[in-house]
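K.L.:
this one's structure only:
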């Protein structure tokens, strides 16, 4: 089955700096890569996703890049704010399937 | 549009008992997936239902089962509970359940097994 690895497990940045979280996956058939943000005691919320027919996608301060050849994808958050503090999960799934394989999460702390 | 809802939100059971959790998807969504979240194992896929049929299944023992009703609401059942079943159980719904639809999560049911 699919195996998704995520790094780093914890990340602290100063407010206004950028944060980068990286994930690798093992199944070359995976073609959908969402990122979820989970605040303490809350549900995971989709923040951005990318499909394998594109290499990069941006939404305001958030961007995701995908390298299918190397089987890795990354989340970039620019101009970080304290409210960005949360656990971020990457995930991967195959075309036609609806089961997400998650990374182990990154706890991001933005220091005011 | 109302989001995904799950009931109950909290549950305390003892070893050996069984439990049933419920998930109501977003109106119009036909696929419901279930995930187990624990500090040690992270988020793991349990199973997915679409049009009342189990379409995908993760690597969990047969004690974990589920079903989906004609209105797309889903239930999962865990029999003969073990201490290691203590977890947050999340369900997620998506529109058509195929080709990598976006999944929207419910708030979860926190199960504690004593």
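P.N.:
Cool, got the structure. These numbers were taken from a predicted model, which means no experiment stands behind them. Residues are numbered from 1 along each chain as shown, chains lettered A, B, ... in the order given.
K.L.:
Can you report how many residues lie near residue 75?
P.N.:
Defaulting to chain A. 25 (other CB atoms under 10 Å in any protein chain shown). C-betas here are computed from N, CA, C, even on glycine.
K.L.:
please go with chain B instead
P.N.:
Residue neighbour count, defined by other CB under 10 Å, stands at 17 for residue B:75.
K.L.:
Nearest spatial neighbour of residue A:91, chain-adjacent residues omitted?
P.N.:
Using CB to CB, 6 or more residues apart in numbering or on different chains and skipping residues adjacent in sequence, the residue nearest residue A:91 is residue A:100, 4.2 Å away.
K.L.:
need the contact list for the one you found.
P.N.:
A:34, A:91-93, B:33, B:35, B:43, B:45, B:92, B:103 (CB atoms under 8 Å, 6 or more residues apart in numbering or on different chains).
K.L.:
Kindly report the same for residue A:42.
P.N.:
Here residue A:42 is in contact with residue B:107 (CB under 8 Å, 6+ apart).
K.L.:
what's the answer for residue A:109, then?
P.N.:
A:10-13, A:85.
K.L.:
What does the residue in chain A positioned nearest to chain B show for phi and psi?
P.N.:
Chain A approaches chain B most closely through residue A:32 (3.3 Å), counting by CB to the nearest CB. Backbone torsions for residue A:32, taken as degrees, to the nearest 10, come to phi -130, psi 130.
K.L.:
So in terms of bridging, what pairs with it?
P.N.:
On the basis of DSSP bridges, residue A:32 is bridged to residue A:51, residue A:93.
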